[in-house]
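Chemist: Below: sequence and its predicted model.
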Amino acid sequence: MKANPEAEADEPEQPEEQGRTGEEMRPEEQGRREEPSTDRLERAVRGAETALIEFEIAVETFRIEIENFSRLHHQRLGPMYARLDELDAGIAEVTAAISGDPEDVRKAQEARAAVLPMPQVEELFHGWIDSEGLSPEAAAMLTEQNVQPPSRVRPSEDARKAYRELVRKAHPDLAQEEAERKRRESFLQRVNKAYAEGDTDALRVLLEEWENGPREEEPEVRLPHSEVLYARLEWLAERKEALTAMVAEMEQSAIGAMLKMAPDDPDALLEEIAEQLLEQVAAREAELVRLTRVRDAAAGTAESGGQASESTQSATGTGTTGTGTEEN
């Protein structure tokens, strides 16, 4: 029986591509295949990137404050610590002189040796290295920092604001290609240096330079977008773990532990430590004066006692002689 042509016309035609495998489809057709929606994954990546950059800003700020505090601590408080060491050596020496105890003598010798410069070290390294190690000025030169220490531990609020804006815009973690990442890392080194020095004007110049600089082109995508996003999330998580370990190490350092005691005003902490050291110096000086008087008094008593003994012996000897003469 002949098929009804009207019925055949009413049936929708099936596309020829249906039923063909991916290998049979043309390359341009394969490229037009749409991935499942990745909107949520993209939002997760953007949120993780923003959080990581803010974390890195906090970490770098803490690192710079530790470095600045260390340099200012050495410059302002170093002479006080040296004075305390000198007073401790003097106190130990006077104590040994009073007691005559061999153990006190040994301690006095050790205390004096601790404050004496290492022979020929400063001459050998022309002042770059002394008994305390590499000088801050030498360390600054080797790391391309300003030889003069900063004026404050924490830069001004204007400098901090400009710094945060620059890092948010130019952070290497925002780069898609390795060449762009390296360019951003080099630029950020200059940003960190200007911030460490508290140079607000330099930070503003750098911000203008970045705004007028080249922009990264979108890289050619070779993997499914979802795979790229998942890989990005994994990298961000690993980076956060590395930063967390870095923070723990800095907090365990001597300077880091001190800064944790005054997170709001590290410069005030520096002044507080200076006041405490001045009090300690005054107390040590008073103790040295007291012990010196005790030593001198003991020495004077011993000397007077010796002279009196000699006089007594002389008088006794004369009296005996005289008595003998009279008897004769």
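Modeler: Structure's in. What do you need?
Chemist: so where is the stretch 201-328 of the chain shaky, pLDDT-wise?
Modeler: Within the stretch 201-328 of the chain, the ranges that satisfy pLDDT under 70 run 216-223, 302-328.
Chemist: got a list of contacts for stretch 83-96?
Modeler: Stretch 83-96 is contacted from outside by 104-105, 107-108, 111-112, 114-115, 277, 280-281, 284-285, 287-288, 291-292, 295, using CB atoms under 8 Å, 6 or more residues apart in numbering. Any C-beta I mention is one placed from the backbone N, CA and C, and that applies to glycine too.
Chemist: Among the residues you listed, name the buried ones.
Modeler: 104-105, 107-108, 111-112, 115, 277, 281, 284, 287-288, 291, 295 (16 or more other CB atoms under 10 Å).
Chemist: and of those, the nearest to Glu234?
Modeler: Leu277 (49.1 Å; CB to CB).
Chemist: can I get the CA coordinates of stretch 162-176 in PDB?
Modeler: Only the C-alpha atoms of stretch 162-176 are listed here, as PDB (Å, rounded to 0.1, in the frame of the first residue of the first chain):
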ATOM      1  CA  ALA A 162      47.500  53.300  48.500                       C
ATOM      2  CA  TYR A 163      49.300  50.000  49.100                       C
ATOM      3  CA  ARG A 164      46.200  47.900  49.500                       C
ATOM      4  CA  GLU A 165      44.700  49.400  46.300                       C
ATOM      5  CA  LEU A 166      47.900  48.700  44.400                       C
ATOM      6  CA  VAL A 167      48.100  45.100  45.600                       C
ATOM      7  CA  ARG A 168      44.400  44.400  44.800                       C
ATOM      8  CA  LYS A 169      45.000  45.600  41.200                       C
ATOM      9  CA  ALA A 170      48.400  44.200  40.500                       C
ATOM     10  CA  HIS A 171      48.600  41.000  42.500                       C
ATOM     11  CA  PRO A 172      50.400  38.200  40.600                       C
ATOM     12  CA  ASP A 173      47.700  35.700  41.600                       C
ATOM     13  CA  LEU A 174      45.400  37.600  39.200                       C
ATOM     14  CA  ALA A 175      47.600  36.700  36.200                       C
ATOM     15  CA  GLN A 176      46.600  34.000  33.800                       C
END
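Chemist: Quick check: mean pLDDT of it?
Modeler: In this model, stretch 162-176 has an average pLDDT of 90.
Chemist: before we move on, what about stretch 80-97?
Modeler: For stretch 80-97, mean pLDDT is 94.
Chemist: Just the buried residues of it, please?
Modeler: For stretch 80-97, using 16+ other CB under 10 Å, the buried residues are 80, 83-84, 86-97.
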